[in-house]
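Peer 1: take this sequence and fold it.
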Amino acid sequence: MKKSTIWRVLGIGLLLIAFGIGCGSGDEGPTEPIRVGLLLPLTGPDPAFAVRLRTGIEAAFEERNYEVAGRQVELIVEDAAADPSIGLDKARKLAEGDNVEVVIGPLYSHTAEAVIPYLDEQQIPNLSMMNHNIGLGQYKYFHGVGGVLKDIAYLMGQYAYDELGYRTVTSLGIDYVAGWDFINGFVDGFEGRGGKRVQEQWHPFEVFDFAPYMTNLDDADAFAVWSIAPYAWSLVKQAEEFGVDLPMISPLGSGTINEEHLHEMGDAAVGMLGTAWYAPSIDTPENKEWVARIEAKTGEPLYGDAVYVAYRSASVLIDALERTDGNTDPETLGSAIQSTELDTLTGKFRFDPDTQWGRSTFYIFRVDKVDDEYLWIPIDEYPDSYFGRE
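Peer 2: Next up is the predicted model:
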């Protein structure tokens, strides 16, 4: 064979090899990282809560070495503060600057109401960590893992009437969307059973002196309260200082008043009731093992439900990405998220088939003193809960 012929054959062979490699890489799907945005209130009123949310998200991805379906995961964290305008600016940065393919958060409902419509316009799937107002369910690419604000409080209202025998309540809540929905959700459930709210009071942000509210309380069978940290801690402590002897009920109790705060409140918190999705005291082998892993990661005790709810949202996303083989097309990923059925530390999680809201176990917790520790102890549970309260 002539040398020129040999070189032509070798050249054609090399071209075919190169072409084959190129075609093969195309068949294997995208190899660039999956860019996940995370919006947290790192400079909000309770930065420690935001840090715990971040811990939960990171823990879920670390378990998989930040790789899902053969693609690396790049987590981009932005501080949404507790300000809708800042949150929207950071969402724009994630979408238009970082080109994220999915966003988890923000936390606070008034920030979510600014951010989620924008993300929907950009066709970027969004997963919540905590619960939000039911109106956000109108947005196609929003997935309310944390459920509806009113729902978990609605259950507590029914429980207060049916199981505790209360017939009247007085209420005090923080004057913004989450406070309205938590308190009014409780009242909806309570009055729906036949109870009556005899008084309602609302406090603004940046209030730590609750004397005017405590001295103005009307008599009732129970005192329904909800505020964000750190205001909630002051509220409970000052109720004791002013001699308020009404049984205290806090919708989403362990979410805002965790075990660290209970220790500071001491006996003032004993007997308080609240609803939540999780508390570290849940007595199962799986939960004990998970708590030990988280505490080994952080080097400190696990408090409250923040780490868990964030871990759950990241787990929902990871499960969906695995089922799409890493495909982050908004329609494909959104459909996979919506069809999630996940075994969690608290039982089955899924989305309501007719809405974009999560269904999960709701717990009734009571604060007890156990071996010199103040803990939220589960006293009842309601699996697969969703009410869709407006």
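Peer 1: what's stretch 212-226 in contact with?
Peer 2: 153, 160, 164-174, 178-179, 182-183, 186-187, 190, 197-199, 201, 203, 232, 235-236, 238-239, 242, 244, 246-252, 256 (CB atoms under 8 Å, 6 or more residues apart in numbering). The way it works is simple: take the backbone N, C-alpha and C, and place the C-beta from them, glycine included.
Peer 1: send the alpha carbons of it over as PDB?
Peer 2: Only the C-alpha atoms of stretch 212-226 are listed here, as PDB (Å, rounded to 0.1, in the frame of the first residue of the first chain):
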ATOM      1  CA  PRO A 212     -49.600  46.500  76.300                       C
ATOM      2  CA  TYR A 213     -50.900  43.300  74.900                       C
ATOM      3  CA  MET A 214     -50.600  41.200  78.100                       C
ATOM      4  CA  THR A 215     -52.400  43.800  80.200                       C
ATOM      5  CA  ASN A 216     -55.200  44.000  77.500                       C
ATOM      6  CA  LEU A 217     -56.000  40.300  77.300                       C
ATOM      7  CA  ASP A 218     -59.700  39.300  77.500                       C
ATOM      8  CA  ASP A 219     -60.600  36.200  79.500                       C
ATOM      9  CA  ALA A 220     -60.800  33.000  77.500                       C
ATOM     10  CA  ASP A 221     -60.200  29.300  77.700                       C
ATOM     11  CA  ALA A 222     -56.900  29.500  75.800                       C
ATOM     12  CA  PHE A 223     -54.400  32.000  74.400                       C
ATOM     13  CA  ALA A 224     -53.500  31.400  70.700                       C
ATOM     14  CA  VAL A 225     -50.100  33.100  69.800                       C
ATOM     15  CA  TRP A 226     -47.800  33.200  66.800                       C
END
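Peer 1: average pLDDT for that stretch?
Peer 2: The average pLDDT within stretch 212-226 is 96.
Peer 1: leaving out sequence neighbours, find the closest residue to F387.
Peer 2: Leaving aside its chain neighbours, F387 sits nearest to D151 (4.5 Å; criterion: CB to CB, 6 or more residues apart in numbering).
Peer 1: quick one: average pLDDT of stretch 292-300?
Peer 2: Taken as a whole, stretch 292-300 carries a mean pLDDT of 97.
Peer 1: in it, what counts as buried?
Peer 2: I294 (16 or more other CB atoms under 10 Å).
Peer 1: likewise for stretch 306-325?
Peer 2: Quick answer for stretch 306-325 (16+ other CB under 10 Å): 306-321, 323-324.
Peer 1: and for stretch 75-89?
Peer 2: If you call a residue buried by 16+ other CB under 10 Å, then stretch 75-89 has these buried ones: 75-84, 86-88.
Peer 1: which parts of the chain are helices?
Peer 2: With DSSP state H, the ranges of helices along the chain come out as 3-27, 47-62, 84-92, 109-121, 149-162, 177-193, 211-214, 231-241, 253-256, 259-265, 285-298, 306-323, 330-338.
Peer 1: helices or strands up against the fifth one?
Peer 2: What it means is helix 149-162. helix 177-193, strand 222-226, strand 273-276, strand 358-370, strand 373-385 (3 or more CB pairs under 8 Å, 6 or more residues apart in numbering; DSSP states H and E).
Peer 1: same thing but at 7 Å, please
Peer 2: helix 177-193, strand 273-276, strand 358-370, strand 373-385 (3 or more CB pairs under 7 Å, 6 or more residues apart in numbering; DSSP states H and E).
Peer 1: verify the contact between the residue nearest to F387 and S360 for me.
Peer 2: No: if you go by CB atoms under 7 Å, D151 and S360 don't touch, sitting 10.2 Å apart.
Peer 1: intersection of neighbour lists for these two?
Peer 2: Common neighbours of D151 and S360, using CB atoms under 7 Å, 6 or more residues apart in numbering, are S385.
Peer 1: return stretch 312-319 as PDB; C-alpha atoms alone will do.
Peer 2: Provided in PDB are the C-alpha atoms of stretch 312-319 (Å, rounded to 0.1, in the frame of the first residue of the first chain):
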ATOM      1  CA  ARG A 312     -36.700  17.500  53.000                       C
ATOM      2  CA  SER A 313     -37.000  20.100  50.200                       C
ATOM      3  CA  ALA A 314     -33.500  19.300  48.900                       C
ATOM      4  CA  SER A 315     -34.400  15.500  49.000                       C
ATOM      5  CA  VAL A 316     -37.600  16.200  46.900                       C
ATOM      6  CA  LEU A 317     -35.400  17.900  44.300                       C
ATOM      7  CA  ILE A 318     -32.700  15.200  44.300                       C
ATOM      8  CA  ASP A 319     -35.400  12.500  43.900                       C
END
